[in-house]
Structure formats: C-alpha cells, structure tokens
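Novice: Got a sequence here, can you model it:
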Amino acid sequence: MHDDRRLVEDRLTRALTTRIQPAIYSASTPFTVEAWRVPDEPIPFAQAVADADFRPFAIGDRWGAPWSTTWFRVRATVPSQWAGKRVEAVFDLGFEDAWPGNQAEALVYLPDGTPVKGVAPRNKHVPISNISDIEFYVEAAANPDILKHDFQPTPFGDKKTAPPDLMYRLDKAELAVLDENVWHLSLDLEVLRDLMLELSLDDPRRHEILRAIERSLDALDPHDVNGTAEEARQELEDVLSRPAHASAHTLSAVGHAHIDSAWLWPLRETVRKASRSFANVTWLATQYPEFVFAASQAQQYDWVKKNQPVIYERIKEAVRNGQWRPVGGMWVESDANLPGGEALARQISHGKRFFKQEFGIDTEEIWLPDSFGYTAAFPQLAKLAGAKWFLTQKLSWNQTNKLPHHTFWWEGIDGTRIFTHFPPVDTYNAEILGKELSHAVRNYAEKGRGTRSLLPFGFGDGGGGPTRDMVERARRLRNLEGSPKVEIEPPHAFFEKAQREYPDAPVWSGELYLELHRATYTTQSRTKAGNRRSEHLLREAELWAATANVNTGFQYPYDELDELWKTVLLHQFHDILPGSSIAWVHQEAEQTYADVASALEKIITTAQQELGGGVFNASPRSRKEVTSIDGQPVFVHAPANGIGSVVDSADPVHVNGTTLDNGLVRVEIDDNGLITSVITDGREVLAGPGNLLQLHPDFPNYWDAWDIDAHYKRKHRNLTEAQRIEVVDHGPLIGSVKITRHTGKSTIVQTIHVKAGSKRIDIETEIDWHESEKILKAAFPLDVHADRSAAEIQFGHVYRPTHTNTSWDAARFEVYAHRWVHVAEPGFGVAVVNDSTYGHDISRDGNTTTIRLSLVRAPHIPDPHADQGLHRFTYSLLPGAEIEDAITEGYALNLPLRATAGSSETKPLATTSHPAVVIESIKLADDRSGDVIVRLYESLGGRATFDLNTSFTPKSSAVCDLLENPVDETALEAIALRPFQILTLRLTR
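Specialist: You can find the predicted model right below:
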C-alpha cells in the first residue's frame, strides 16, 4: 500500500478548520446590542441596571479600556422556524484564542439579576430558556493580557499607568442553532486524530483510525456538512467502540479551575473570576451527570457566597449531588515556603472549618498544584488536621533534576508521612487532549507498581474551568483502544484506589525544593516584611488578649482577630507573598498590611492597658536585654510570654572610635564601614570583611519576578566605599555606628548596634532603592568549617549541605529561611538572624563558610517598578551561637519588647519547663468557649519531656488536633515530645 498518511491527515485538518467547525452552528440571528461603561470600579447587577445609561452599540465597535467594566444589554427573538432546535447565545468579546482567563471575560445575567454562565475564549456559548424573546445583561471585564508580549515590561499592571485605549472589539453577539451532529462529528474526529498522532507508525491501530477517518471524510459533503454529518459519524462508530487494553493506564479525571487569588489581575477581579468560573461549572454539572469538579480555596467560596448567593446555592446543590468536591482544606492555595508555622496551621484550620460548616465535608487532602516548593513541616501539619493525602505538580518545572516518583510517601522533619501524588500529566490545566494523555502515560514513574494517576482538567490560572468539549472528550476516552482509560471521579476516590494498590510506595524525606522560582524568596520585599510583621503582631494580639481575658475578664476580640487572620492568610497566596503579581496587587498589599498593623496595635495596646504597665515579652523565651521606655534605653528582664520590669543596668558598651565592645562581643568597623573583626569568647569570627554588600546583575532567562538564575553569581561589585560614617550616642547601654553608602541612584543607610548584655550585633538597614535588574546581597564570610547549614522553617529547621557534590546540592544555590540560619563546626557556631528577609545562599570555600542574605531585587516583570523606593529591615550577626540561641534571638528580633511605665503582677498564662519546647501560640479557642489553646513544638530535633506551667488551674486539659478538637485527655506534667513534634493543648477553665 502506498503511504498516503500525510495526505489524509492534511485533508482532515482542512476539513475540520474550514468546513466542520464553522458548521457547528447552522443558523444565527444577531442580538440588538446596547452598552454602558462603568465609570470606575465594578458595581453589582442591581446598581448597574439602575445607573446605566445604555446606548446603541454595533458589532465591530471597540470597548474596554484596561481594567474597565462594560455592561451590554442584548435582545433578540428566536425565529419561529427554529422551534424544536437547540438554540444558544454566542458571544465573542474580541477574544484571542490563546489563554482563557487572562483577557476579556464576562458573566451573563437574566433581566431579574440571576447569573447564568460565564463567557470566555473557547467557552463562548450561553444556554437559553424555552422562550422566544431573549434578553441578557453581560458584565464584561476588560482585563489586559499582561504577558501578551512575552517578558517585556508593561504599564498595564497598574490602573494608574495603563494606557486609556480601548483594547477589545465586540466580534459577535447572536442567537445560534447548535447542530449537535456536526458538533459531535468534530469531537469524534478530534479525539481520533489526537490518539492516532500519538500512536507509533508501526501500530496497526494508528492505520485503522486513519482509514476510518478517510471513510468519514468521504461520506461528508463539504458543501452540505449539516446534511451529511450523521453519515460521516457512522463511519467512525467501529473505531470509537473498541475497548482499551486490559493493562491500559487509568487517568482519574476531575474537573478543575485553578484561580489565582491575585496575579496578573487584582484581588477584586478574582472575586468576579470565581463567580464566572463557578457559574460555568454549576451549569456543566446540570448537563453531564457523570461530571465531577474539585475546587480549593475557602476564600473564593466565601467571596461567591457574599457576592453571588444564587451561584453559591448551585454549588451547594452540586455538592449534595456528588458532582462538586471542596478540596485542599486551606483558606487559599498559599505559598508553601514563606508563611510562618502558625500561619500555615491557620491556613488549614480556617479552610477545613469553612468547608465543614458550609458543606458538611471534612476535606482529606492538601491541594497545592502551583506553589513554589513545599516545606518539610507540611506532612505533620496536614496529618494533625486530619488530612490523608497531598497533591502538587509544580516540581515538574524543575530546571535540573527530575523527581524520581509520581506517587510516594512524603516524610517531614518529624518523621510523619503523608501519601503524595504528582500528576504525571504535568499540568493542572489539562484539556483531555491526546498529547496530554500520552505524555502522562510515558512520564508515569510508577509503572509496574501503580496503574493510575490524576488528571485535573479545565482552563485555569485565571479560572474558566472545564468545558463541555472536555467532558465530551472524556466520554469518548473512557474505554478506547490505544488510549489510557479516562475515568471521571472525585480526588478522594483516586487517592483511595492509588493508596490501596501501592501502599508500599517509596519515601521522599525532607523538603520538596523547587529548582526554579528561587527569587520568590526576595522579590517585593515590602510585601514580605508586611507578612512577617503581621504574623508576629497576631501572635502578640492573641497572647495579650487571652492573658487579659483570663486575668481581668477583658473581652476577647474574636471577630476582629478572625477577620485579620483571614486577611493575612489571603495575602499569603502563592503569587502575592512570593512577589510575583502585578504592581496593583503589591501596592494594595502594602496598604492592607499597614491597616492590619494598625488594627492589631490597637488590640495589643488595649489588652496591655487592661493588664497594667511593665515590660511585655511576647517571645517564648525569657529575656534580659536593652529596650526603650519613653525614648530612654533601659535594661530589663521579662519572662517568656509574660510581663517583666526594669532591672539594674548591665555592663556598659565601650565605644572607642568605631570599635564597639560590651564584654561579650567586640566589633571593629573600618573607615569603609565594613566589619573587619568580631571577637567573642576569645575567638575571631570573621574570615574577611563582614556585612559586605555585594551588587549583582540579575537578569534571569525567563520569569523576572520569580527567578534568580545561577549565572548571576559570575559577576558582582562590592560596595566598599562609604560616603559617611558616624558614631551615634545612645548612652552607655548601646554602641552604634551609622554608615551611609551610595550606589547608582540608590542610598543605603545602615546602623550597626551592639547592646549591653548581648552578643547579637544588629544591622538596622534603610535602603532607598532605585536600581534596575540587580540584586543586593549582604555577605558574612565566617571562620567556620561547616559542612551543612541549618535554616529555620515552620516548627523546626532543616539542614542543607554547603557543598555542591551532586546536581541536587548544586541546584540549591538560593534557599529560604525564616528568622535565622546557622552554621557550625564542633564547639562553635554562628547564626544570622533577620526580621523580614527570606532568601539566602550559604557556601563553603575551604575553612570559610559564607552566609549571604538576599536583601532586595529590581525585576521588571510583571511589575516594572518592583521593589523601587524605601525599605526598612534589620538583620543580625550572632557569634558563638548554638541553634537554641538562634531560636531565642530569632523570636527576640521579631518580637520587640514593649515597655511602659508601671508594673504588673500578672503571671504568664503558660510556659514550659524544657528549653527545647517552644510555645508558638497562646489564644482562646475559636469556638468561643473560653478555653485556652496552647500550641508548642520541640525545636531542636531531639526528644524532650516537659511540664506545662500555667498561671491558672485548668479544669481539664486535652491534646487536640489542629482545629482544636480534643483527641486525648492529658496531664500537664511529664509530657513527652519526639523530634520537631507539634502539640496543641486545650485547657478548660
């Protein structure tokens, strides 16, 4: 037989694109269109209808300045000759058939305000009811495509800088008759074509499909597609009916609409995106009884509940019918590296509680398909919240190393394991295309042990979700020869089957480090500082409000704290906290954090006034240190989680020129403002100039705000020249040297403080930053031979090698830490502590270990002015430190003492008897019973047995889960903890 394969394939392509697909709608009639542009921000339906001044609008007219909203009113009458036919409305707002969710989109309403369905690229149809006179209101959002021009800076990410030009043209608004025979023929041919092209050329099945397609095209009259489509379909029945091989891989398909809570659009637009996507899905559920959809992020459900109650009731109905499954059990799909331990606990507790209260569903998995790496604390946190499974696919983006598993047990720092799956399809936005299914099967690493994987399908990132075409493809692929089996089912059904068939899956221990997007530890540093400060203010507010409630009856601000927590949790979303959103998002975030701080400061102040004066220490460790009362330095002592007082002064700090010496540490600063010597315990700490600022070019290959590529290290400039050095007189308890440097258009002012009674050397930093595509690092070369470094993460720490022996080691050239990093050789260690910096790199050259902090960047995409302007933060060198000291000073730097006149006899609500056991949170129970909740953890990676000491006598005490549900009664004496174990105790008064 002659090989005419390419001719038939090309014939199919032309027939589909020029004859069949254009004939899917067999007849149409235009709407009469009127339009009104909303003057500013979006408004609800009722207000829009009341305020609108609708004017005639023609097909082809332009609409939509960036970020604007236009309401269209459309009217038409169904022609009488269409009786008995399937009629739909079809809208094309000027779509580019590229990325649904990242351009214009709309929600369509009935005249009474009932939302019907969303409209977006590749999902343009809207169902109509069985009436002749049709009227719709279309709320159209003119969202710009921020990445339209690849990785070029754009002004469109800020409403204030976006050009005013109209971006879109209304291309279509009509009623149309859907010819179901033609539509199904198109789907049949697409599915068979996609399967055929994935099969080997020597596979007989490929050629059988080819000849069936050829016969189908022979039966189709290109001049009468609608009249011959049924006959053409009949020629495909045989090849579509043949069952899959018995050993075919099974893909558990679940509808999905990944909606970034903010990214290339502001938060307010995500509120509408959620409504549009969820309207699409609830409509689809009414059309396909086998359809199942999974959605995470309680925050987005809450938005829909408050803004679109009709859609929310449809969601509830779909949940009751088993067609909608809330998943993930988190408030948002947060970043999984940078949120603090208590914040991650609250992400899960707030999310799971919402889903339980609203839908009666106890979510059983963590669902984070798109976050930029995953902390090794997650397995334990998930299990403590009752989760059984963990899902992501983001590590498929690794630049260097491919993770060897798709299904495995993930082990955290405490030894807890959770059953984990990476869908081998390598996307959370699948369309159920042949190339996706083929890739999933080829890529699946568990062949021979496992037989199934997950397939999340639906347009995502900007939402949109599954379409009817996708579900139709799934129907055809459920049991089709040559293809994996596609079985639509909820995620929990997949996980149960996968775990049952592969209970002895391999184990991956430690963090799931993403070998990409490493700059998200640093970009938009003001956003990160706002998060860090908010987390610690929340700790203080809960601690002092609970202490005041127990001791004085102070009214605990449940509602206000709940809302403030939810605000902070929302801003930990994986494109906000990492710094990868447009300018609009980060400008709003900075203002939001300022508002959060103001509200929390008010709660803290009010509670402390109720308790009386003194020195308030919200840290879990007792402290003797210098603080300020009425602007005057004083030396104080305060117990852990308690209130202390001024004590006799400590030994003074001796200042000799620019040498600072407090008897514990001696710091020498040279004429360039560099730290040239740090001596403690008779030992020199530095192996070269310390606090050396180094400026690198920072121009990654692709993702500007996200990435720092290894080539940045090849070039840098040391900022050794100081424009001004001055000794600052704070009195005998503090020695300070202030250094001013200029580089380019930027000014860096740093004040180095040595305080009485402390080895900690604080470097208070203020940067007026105006650089472009550069990163500023602060280097500390240490005379320490460390083969590994320790970095604080949530509820513990991880070790990472300082060498690059393997490709896995080398790929970790930029890492994150929370409040501290630590390096040591036997007998001596050094820590670097920070109050808002996350990015670090740590390396060793011979006997010199160098710690560098990533202070600030200047990427241009998606925010062309990212990080420009003023930054204030502090980092500290802590010489002669054990990890226990790093923990203590990490909390101390992030929780400054609050000293007021007067004194209080109030005792700490709770303390522990063992130095390794750290209290992370003290609060009143969320159920408003008045019970006290104490969350604590073993911090050193060893075993600890401790007593919990309380200032009140509990009526009863219990170990509880992360949601504060009692699990087991417990005494408060001789409590045993394993390494890095988290324990939540509920104390009933």
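Novice: Surely Gln587 is in a helix?
Specialist: Yes. Under DSSP: H, G, I helix; E, B strand; the rest coil, Gln587 falls within a helix.
Novice: how many other residues sit next to it?
Specialist: Close neighbours of Gln587, defined as other C-beta atoms under 10 Å, add up to 19. Placement of C-beta: from N, CA and C, glycine included.
Novice: do Glu905 as well
Specialist: Number of residues near Glu905 (other C-beta under 10 Å) recorded here: 9.
Novice: Three-state assignment for it, please.
Specialist: Of the three states, Glu905 takes coil according to three-state DSSP.
Novice: could you give me the average pLDDT of stretch 922-941?
Specialist: Stretch 922-941 shows a mean pLDDT of 98.
Novice: end-to-end on it?
Specialist: In stretch 922-941, first residue to last residue: 22 Å (C-alpha to C-alpha, to the nearest Å).
Novice: Can you give the distance of that stretch from its chain's centre?
Specialist: Centroid separation between stretch 922-941 and its chain, computed with C-alpha atoms, centre = their mean, to the nearest Å, is 25 Å.
Novice: Which positions within that stretch qualify as buried?
Specialist: If you call a residue buried by 16 or more other C-beta atoms under 10 Å, then stretch 922-941 has these buried ones: 922-926, 931-941.
Novice: Next, the residue minimising distance to the centre of the chain: phi, psi?
Specialist: Nearest to the geometric centre of the chain sits His574, at 1.9 Å (C-alpha atoms, centre = their mean). Backbone geometry at His574, expressed as degrees, to the nearest 10, gives phi -80, psi 10.
Novice: Double-check it against Phe372; I have them as touching.
Specialist: Yes. Under the criterion of C-beta atoms under 8 Å, His574 makes contact with Phe372 at 6.5 Å.
Novice: Quick check: neighbours shared by these two?
Specialist: Shared contacts of His574 and Phe372, defined by C-beta atoms under 8 Å, 6 or more residues apart in numbering, are found at 335-336.
Novice: ok, which stretches of the stretch 251-400 of the chain are strands?
Specialist: Using DSSP state E, counting those that start in this stretch, the strands found in the stretch 251-400 of the chain span residues 293-295, 324-326, 365-367, 389-391.
Novice: Among those strands, which comes closest to Glu625?
Specialist: strand 365-367 (38.9 Å; C-beta to C-beta).
Novice: if we look at the closest one, which residues are touching it?
Specialist: Outside of strand 365-367, the residues within contact range by C-beta under 8 Å, 6+ apart are 294, 296, 327-330, 333, 348, 378, 382, 387-391, 418, 491-492, 495.
Novice: for stretch 233-246, same thing?
Specialist: By C-beta under 8 Å, 6+ apart, the residues outside stretch 233-246 that reach it are 181, 184-185, 188-189, 191-192, 208-209, 212-213, 215-216, 218-219, 476, 479-485.
Novice: If we use 7 Å, what do you get?
Specialist: 181, 184-185, 188, 192, 208-209, 212, 215-216, 219, 476, 479-481, 483, 485 (C-beta atoms under 7 Å, 6 or more residues apart in numbering).
Novice: Please apply the same query to stretch 799-807.
Specialist: Counting by C-beta under 7 Å, 6+ apart, 400-401, 786-791, 809-810, 812, 815, 842-844, 849 sit against stretch 799-807.
Novice: let's go with 10 Å and repeat that
Specialist: Stretch 799-807 has contacts (C-beta atoms under 10 Å, 6 or more residues apart in numbering) with 400-401, 413, 510-511, 513, 515, 784-791, 808-813, 815, 817, 821-823, 840, 842-845, 849-851, 941.
Novice: List the buried residues for stretch 217-226?
Specialist: 217, 219-220, 225-226.
Novice: Farthest-apart pair in those, please.
Specialist: The widest separation within the buried residues of stretch 217-226 (C-beta to C-beta) is 15.7 Å, between Leu217 and Asn226.
Novice: tell me which element Asp863 is part of?
Specialist: Under the criterion of DSSP states H and E, Asp863 resides outside all helices and strands.
Novice: what sits against the residue nearest to it when sequence neighbours are not counted?
Specialist: Using C-beta to C-beta, 6 or more residues apart in numbering and skipping the chain neighbours, the partner closest in space to Asp863 is Ala583 (4.2 Å). Applying C-beta under 10 Å, 6+ apart to Ala583 gives the contacts 154-161, 266, 524, 862-866, 868.
Novice: Also Leu201?
Specialist: Counted by C-beta under 10 Å, 6+ apart, Leu201 has contacts 3, 5, 207.
Novice: mind checking the SS state of it?
Specialist: Of the three states, Leu201 takes coil under three-state DSSP.
Novice: if I look at it, how far off is Leu210?
Specialist: 11 Å (C-beta to C-beta, to the nearest Å).
Novice: Within the sheet, what are the partner strands of the lowest-mean-pLDDT helix or strand in the chain, with directions?
Specialist: Sorting the helices and strands of the chain by mean pLDDT, DSSP states H and E puts strand 898-900 at the bottom, at a mean of 90. Using DSSP bridges, the strands paired with strand 898-900 are strand 614-617 (antiparallel).
Novice: pLDDT averaged over the strand it pairs with - what is it?
Specialist: pLDDT averaged over strand 614-617 gives 96.
Novice: remind me which residues of the stretch 101-250 of the chain are low pLDDT?
Specialist: Applying pLDDT under 70 to the stretch 101-250 of the chain picks out no residues at all.
Novice: residue contacts, Val653?
Specialist: With C-beta under 10 Å, 6+ apart, Val653 has these contacts: 626, 660-665, 667, 730-736, 753-758.
Novice: tell me the pLDDT at it?
Specialist: Taking Val653 on its own, its pLDDT is 97.
Novice: quick one: secondary structure of the nearest residue to it once chain neighbours are set aside?
Specialist: Of all residues not flanking Val653 in the chain, Gly735 sits nearest, at 3.8 Å (C-beta to C-beta, 6+ apart). Under three-state DSSP, the three-state class of Gly735 is strand.
Novice: Over to Val967?
Specialist: Val967 - assigned by three-state DSSP - is strand.
Novice: Can you give me the neighbour number for it?
Specialist: Val967 has 12 neighbouring residues, counting by other C-beta under 10 Å.
Novice: Check Gly415 too.
Specialist: When neighbours are defined as other C-beta under 10 Å, Gly415 has 13 of them.
Novice: Please apply the same query to Pro127.
Specialist: If you count neighbours by other C-beta under 10 Å, Pro127 ends up with 14.
Novice: mind checking how far it is from Pro309?
Specialist: Counting by C-beta to C-beta, the gap from Pro127 to Pro309 is 21 Å.
Novice: Check the offset of stretch 960-978 from the chain's centre.
Specialist: Using C-alpha atoms, centre = their mean, the offset of stretch 960-978 from its chain centre is 30 Å.
Novice: Just the buried positions in it, please.
Specialist: Residues 960-964, 966, 970, 972, 975, 977 are the ones in stretch 960-978 that count as buried (16+ other C-beta under 10 Å).
Novice: Out of those, the closest to Ala599 would be?
Specialist: Using C-beta to C-beta, Glu964 comes nearest to Ala599 of those, at 23.3 Å.
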